[in-house]
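How does the following fold in three dimensions:
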Amino acid sequence: MIPTKGERNTQKIFGALDLYEEGFYYHQDTVFNGPAYVGFLEQLAGHYPHREVFVIQDNAAYHKAPEVRAWLETHDEQFHLESLPAYSPEFNVVEKIWHHTRLNATHNRYFDTPTELRQTLHSTFQSIQRRPEQIAGYLVPFL
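I've put the predicted structure just below:
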């Protein structure tokens, strides 16, 4: 038996994987919208200041928000955003990270507070960043 408060507690997390260097980047925010996604893209840009970056993304509405298009206009030499076909999560490599997180951190667990859930997610993501070999098998089909 897993206790529950009867309320849904979700967290808004953007994530990206570098398939070639086995890097994982994430950004937690309060909402999924254009400005929040731009914040995540800015974070990614900080990791790749002098490299061309191709971001493969799903078809979430905020990926096409005016703020994202405006940001891309000023970064179009470095960043390229490409969308996956609609309804094809099997092609989205970051879905493997979310699955790993559910299995290893949140599935069948009770979190008394949102802070406890956030701390568990942060700890799990930091573990992936420190030891990317734990997700290497998930990446094989995408290489």
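
Quick one: the helices in the protein, in order.
34-47, 66-75, 94-101, 114-130, 136-139 (DSSP state H).

For the ones you listed, give me TSV that also has distance to D58.
Using the backbone N, CA and C atoms, a C-beta is placed for each residue, glycine as well. TSV is the format used below for the helices of the chain (distance: least, CB to CB, whole Å):
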stretch	distance to D58
helix 34-47	12
helix 66-75	13
helix 94-101	9
helix 114-130	19
helix 136-139	17
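
Kindly reformat these as JSON lines containing mean pLDDT.
Below are those laid out as JSON lines (pLDDT from 0 to 100):
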{"stretch": "helix 34-47", "mean pLDDT": "96"}
{"stretch": "helix 66-75", "mean pLDDT": "96"}
{"stretch": "helix 94-101", "mean pLDDT": "92"}
{"stretch": "helix 114-130", "mean pLDDT": "94"}
{"stretch": "helix 136-139", "mean pLDDT": "83"}
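
got the ones you listed as JSON lines, with mean neighbour count and distance to Y20 columns?
Converted to JSON lines, the helices of the chain look like this (neighbours: other CB atoms under 10 Å; distance: least, CB to CB, whole Å):
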{"stretch": "helix 34-47", "mean neighbour count": "16", "distance to Y20": "13"}
{"stretch": "helix 66-75", "mean neighbour count": "14", "distance to Y20": "20"}
{"stretch": "helix 94-101", "mean neighbour count": "17", "distance to Y20": "15"}
{"stretch": "helix 114-130", "mean neighbour count": "14", "distance to Y20": "16"}
{"stretch": "helix 136-139", "mean neighbour count": "14", "distance to Y20": "10"}
